[in-house]
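*Asks:* Below are the sequence and a predicted model; questions follow.
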Amino acid sequence: MRILFISANQEKSPDLVYPIGLAYIISASIKDGHECNVFDANFHKDFKEPLKNILQNLHPDVIGISIRNVDNAAYPSAISYLSHYQNLTDFCREILSESIIILGGSAFSLFPKEFMEKLKPDFGIVGEGENAFLHLLKSLEENEIPVKANPGIYYPEKFSYPEKFSFESDTILDARDLLNGAIYSENGGSINIQTKRGCCFQCSYCTYPLLEGSEIRKREPAKVVDEIEYCIKKWGGNYFFFVDNVFNSEQEHAIEICKEIIRRQIKIQWTAYISPFCTSETLFSLFKESGCSSIDLGVDSASKTGLDVLKKPFSMQEIMDCAQWCHKYKIKFNCSLIFGYPGETIESIEESIQNIFLCRPSSVVAFIGIRLHKGVPLTKSLEKNGYISHEKIGIDPVFYIEESVREYLIERLSTLSKKYENWFMPGLNTQRITNAYVKRIRSKGFKGPLWELFSIKD
Ligand code: B12
Ligand code: SF4
């Protein structure tokens, strides 16, 4: 089939992000013999003219649209991207009413019913899209109504994630090229790469097990490193972002990848999300040797109550150990925090802040409140105890904030972010790093997450 793939994302904050999810769908489609074309809205703020040209010249049978972010998840100034997605899908319909529109991506997967109602595509695919997308195309080619189509929503893989990273294919490299990898590598902070999917934990607020499944499916380390080498050769970039929800959730696998980078003597820098469970000093020393420049330490809370309520699978001691190894091996690290969870008190807020100061991170990104998503343990228990009804949770962001500490939190975190330049509160608009500034430092070659601007505190 002739397909036009559209990456709808236009968010440039905190950084320009290469649409790797769409690259995977394109890779699968190339492998299956489909004609693949792309339109990336990131490069066309006003997308109408260029999109009209491509739609009219191409007349695609199918338009596959990837929608990544629902909103920026930042209380109190949350931004919803819904109207942009609506404009984009309406425009495609207006220009070519006969093409079949299929939606997918993390935003769609979190609110499939709601996006189906608002954007009215022909189909939508929830979760991992490679096999489902090809299956749907085949059904369409054969003029069959997809067996599992469920009033327009197509859910084939929602509860049956493959056991292996089964969509491994060399066509990922062609797909990466089609999506202008070189421009992203030059203007963004990193080249993104995935080493596995799935998370076996169940932190109370987290959507990742819903999006990727709770079975971990790993790629072969050699394949991951082949892809790294390809990107370096093709695009000249050498800063990589491992986009796994937790890079070290299987310590052995992370170690194998580091060792393979070291064995091939590839000179790269990299960053990743690291969780304080499943770590060791050996892991951090291999991180360093393989080029790890920084890690985002997914702490979430540094108070005993916070770790319990958020169901984090590690202790305060494990957080401290990681911080100590980062200092020893000179790896910059950011601590991500969530304040205002159910049961948060002024004491637990202060305990968390004090413990984070003890860790001496390069930076801190602190969120106020929890953006509620359907189907996660926290939301389910809030629904059960009557705090909120299921219907109220949707595309319009709703946040849980422990009411008794709301004002204290806003005041306290504003003060901290004014006093310490390395404390960031997305949503409080105290941010000193503007998009224009980011563009300037990127054009001068600064790579990595923006918080790498701050050095590790000795
Ligand atoms: C790594 C990551 C980041 C990194 C990215 C670094 C980089 N250089 O790539 C950073 C830290 C920069 C980041 C920033 C943000 N992120 Co982020 N991020 C992630 C994370 C952990 C992984 C994303 C990823 O690359 N996945 C790997 C790819 C292969 O998977 P995928 O994109 O989902 O694609 C699959 C399917 O969705 C589907 N699919 C995708 N497209 C299409 C299209 C079609 C047609 C079909 C059929 C299927 C399909 O198939 C794909 C392959 O199986 C996800 C959480 C998660 N586990 O998904 C959050 C996530 C995507 N981020 C999220 C958000 C909100 C943001 C920010 C807005 C946060 C903020 N306030 O700063 C920014 C936005 C940045 C931007 N410019 O857009 C949300 C989006 C949903 C929401 N709640 O709105 C997520 C889901 C986390 C969450 N809270 O639930 N992020
Ligand atoms: S917060 Fe991290 S460890 Fe916990 S469920 Fe989400 S991805 Fe897994």
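*Replies:* Thanks, I have the structure now. Ligands and ions are numbered 1, 2, ... in the order given.

*Asks:* For the stretch 151-300 of the chain, give me the ranges with low pLDDT.
*Replies:* 151-167 (pLDDT under 70).

*Asks:* Can you show me the strands along it?
*Replies:* 153-154, 191-193, 196-197, 217-218, 239-242, 269-274, 292-300 (DSSP state E, counting those that start in this stretch).

*Asks:* and these as JSON lines, adding mean neighbour count?
*Replies:* From N, CA and C alone the C-beta is placed, and that goes for glycine too. Formatted as JSON lines, the strands of the stretch 151-300 of the chain follow (neighbours: other CB atoms under 10 Å):
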{"stretch": "strand 153-154", "mean neighbour count": "23"}
{"stretch": "strand 191-193", "mean neighbour count": "23"}
{"stretch": "strand 196-197", "mean neighbour count": "22"}
{"stretch": "strand 217-218", "mean neighbour count": "18"}
{"stretch": "strand 239-242", "mean neighbour count": "24"}
{"stretch": "strand 269-274", "mean neighbour count": "23"}
{"stretch": "strand 292-300", "mean neighbour count": "25"}
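
*Asks:* Turn the ones you listed into a markdown table, including distance to ligand 2.
*Replies:* Output for the strands of the stretch 151-300 of the chain, formatted as a markdown table (distance: least, CB to the nearest ligand atom, whole Å):
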| stretch | distance to ligand 2 |
| --- | --- |
| strand 153-154 | 25 |
| strand 191-193 | 16 |
| strand 196-197 | 11 |
| strand 217-218 | 14 |
| strand 239-242 | 13 |
| strand 269-274 | 7 |
| strand 292-300 | 5 |
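
*Asks:* In TSV, list those strands along with distance to Ile102.
*Replies:* Shown next, in TSV, are those (distance: least, CB to CB, whole Å):
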stretch	distance to Ile102
strand 153-154	8
strand 191-193	23
strand 196-197	21
strand 217-218	23
strand 239-242	27
strand 269-274	29
strand 292-300	32
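
*Asks:* Those: which one's closest to Gln251?
*Replies:* strand 269-274 (10.5 Å; CB to CB).

*Asks:* Which secondary structure elements does the closest one sit against?
*Replies:* Strand 269-274 is packed against strand 239-242, strand 292-300, with contacts defined by 3 or more CB pairs under 8 Å, 6 or more residues apart in numbering; DSSP states H and E.

*Asks:* That strand: partners in the sheet, and parallel or antiparallel?
*Replies:* Here strand 269-274 has these sheet partners by DSSP bridges: strand 239-242 (parallel), strand 292-300 (parallel).

*Asks:* which residues are in contact with that strand?
*Replies:* 190, 238-242, 244-248, 290-298, 322, 447-449, 452 (CB atoms under 8 Å, 6 or more residues apart in numbering).

*Asks:* Repeat that for stretch 322-337.
*Replies:* 274, 276, 279, 281, 284-285, 287-288, 292-302, 352, 356, 358-367, 449, 451-452, 454-456, 458.

*Asks:* and if you look at stretch 391-408?
*Replies:* By CB under 8 Å, 6+ apart, stretch 391-408 touches 70-71, 73, 75, 78, 80, 82, 111, 114-115, 118, 339-346, 349, 368-374, 378-379, 382, 387-388, 409.

*Asks:* is ligand 1 contacted by it?
*Replies:* No - Stretch 391-408 is not in contact with ligand 1 by CB under 6 Å from any ligand atom; minimum separation 8.1 Å.

*Asks:* List the buried residues for that stretch?
*Replies:* For stretch 391-408, the neighbour count (16 or more other CB atoms under 10 Å) marks Ile393, Gly394, Ile395, Pro397, Val398, Phe399, Tyr400, Ile401, Glu402, Val405, Arg406, Tyr408 as buried.

*Asks:* closest one to Glu49 among the strands of the stretch 151-300 of the chain?
*Replies:* Of those, the one closest to Glu49 (CB to CB) turns out to be strand 191-193, at 29.1 Å.

*Asks:* roughly how far is the closest one from the heart of the chain?
*Replies:* 11 Å (CA atoms, centre = their mean, to the nearest Å).

*Asks:* now do stretch 334-348
*Replies:* Distance, centroid of stretch 334-348 to centroid of chain: 22 Å (CA atoms, centre = their mean).

*Asks:* That one close to ligand 2?
*Replies:* No - counting by CB under 6 Å from any ligand atom, ligand 2 is not contacted by stretch 334-348; separation bottoms out at 9.4 Å.

*Asks:* Quick one: end-to-end length of that stretch, please.
*Replies:* Using CA to CA, to the nearest Å, the end-to-end distance of stretch 334-348 comes to 20 Å.

*Asks:* quick one: buried residues of that stretch?
*Replies:* Quick answer for stretch 334-348 (16+ other CB under 10 Å): Asn334, Cys335, Ser336, Leu337, Ile338, Phe339, Gly340, Tyr341, Pro342, Glu344, Ser348.

*Asks:* can you check stretch 96-113 too?
*Replies:* For stretch 96-113, using 16+ other CB under 10 Å, the buried residues are 96, 99-112.

*Asks:* Ramachandran angles for Asp40?
*Replies:* Main-chain dihedrals, Asp40, degrees, to the nearest 10: phi -110, psi 110.

*Asks:* in what helix or strand does Ile3 lie?
*Replies:* Element membership for Ile3, per DSSP states H and E: strand 2-7.

*Asks:* Would you mind putting the CA coordinates of that strand into CSV?
*Replies:* What follows is strand 2-7, C-alpha atoms only, in CSV (Å, rounded to 0.1, in the frame of the first residue of the first chain):
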residue,chain,number,x,y,z
ARG,A,2,1.1,3.6,-0.4
ILE,A,3,1.4,5.1,3.0
LEU,A,4,2.0,8.6,4.3
PHE,A,5,3.3,8.6,7.8
ILE,A,6,2.9,11.8,9.8
SER,A,7,4.7,12.6,13.0
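
*Asks:* How about it and ligand 1, any contact?
*Replies:* No - figure legend: strand 2-7 not in contact with ligand 1 (CB under 6 Å from any ligand atom); closest approach 6.6 Å.
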